[in-house]
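**Student:** Give the three-dimensional model of this entry:
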Amino acid sequence: MKPIEAPDTFPARLHRLRRGKHMTQSGLAAVIGCSQTTIASWEAGRHCPMPNSVHMRKLAQALGTTPLYLLAGDVL
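**Tutor:** Modelled structure (predicted):
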């Protein structure tokens with residue numbers, strides 16, 4: 001039986017990329033200037049409010065990706 005894959009959503013991409021960089025939520029929070037609780041909320045899908053444009057750029061830079069990929073995934 002084929003395992004069910006997680007949906008490709010902002011929370012899933014954020015979590016996967018952070019873990020791929022061997023970063024903790026606290027470590028990522030320190031890099032982008034927010035709290036660990038905020039990172040945890042975004043990864044859990046409780047992202048109200050969504051990251052603002054400054055945080056989104058910092059997230060993308062820290063995770064080695066683009067803001068567009070974080071928000072929309074592979075859209076092309």
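**Student:** Run a quick neighbour tally on T66.
**Tutor:** When counting by other C-beta atoms under 10 Å, one arrives at 13 neighbours for T66. All C-beta atoms are positioned from the backbone trio N, CA, C, and that covers glycine.
**Student:** Confirm for me that it is in contact with M56.
**Tutor:** No: using C-beta atoms under 8 Å, T66 is not in contact with M56; the gap is 9.6 Å.
**Student:** So M23 versus V31, what's the distance?
**Tutor:** Using C-beta to C-beta, to the nearest Å, M23 is found at 8 Å from V31.
**Student:** next one: G45
**Tutor:** Taking C-beta to C-beta, one finds G45 at 22 Å from V31.
**Student:** Comparing those two, which shows the higher neighbour count?
**Tutor:** V31 (15 against 11).
**Student:** from what I can see the more buried one touches L63, true?
**Tutor:** No: taking contacts as C-beta under 8 Å, V31 lies outside contact range of L63: 9.5 Å.
**Student:** low-scoring pLDDT stretches of the protein, where are they?
**Tutor:** 1-6, 47-48, 75-76 (pLDDT under 70).
**Student:** Look up the residues that both of M23 and V31 are in contact with.
**Tutor:** Shared contacts of M23 and V31, defined by C-beta atoms under 8 Å, 6 or more residues apart in numbering, comprise A62.
**Student:** Give the full set of residues in contact with the spatially most central residue of the chain.
**Tutor:** With distances taken as C-alpha atoms, centre = their mean, the residue of the chain nearest its centroid is L14 (2.1 Å). By C-beta under 8 Å, 6+ apart, L14 lies in contact with I39, W42, E43, L59, L63, L70.
**Student:** Helix or strand for it, just tell me which one.
**Tutor:** helix 10-20 (DSSP states H and E).
**Student:** Tell me the buried residues in the helix or strand following that helix?
**Tutor:** For helix 10-20, the following helix or strand on the C-terminal side (DSSP H and E) is helix 25-32. For helix 25-32, a neighbour-count test (16 or more other C-beta atoms under 10 Å) marks Q25, L28, A29, I32 as buried.
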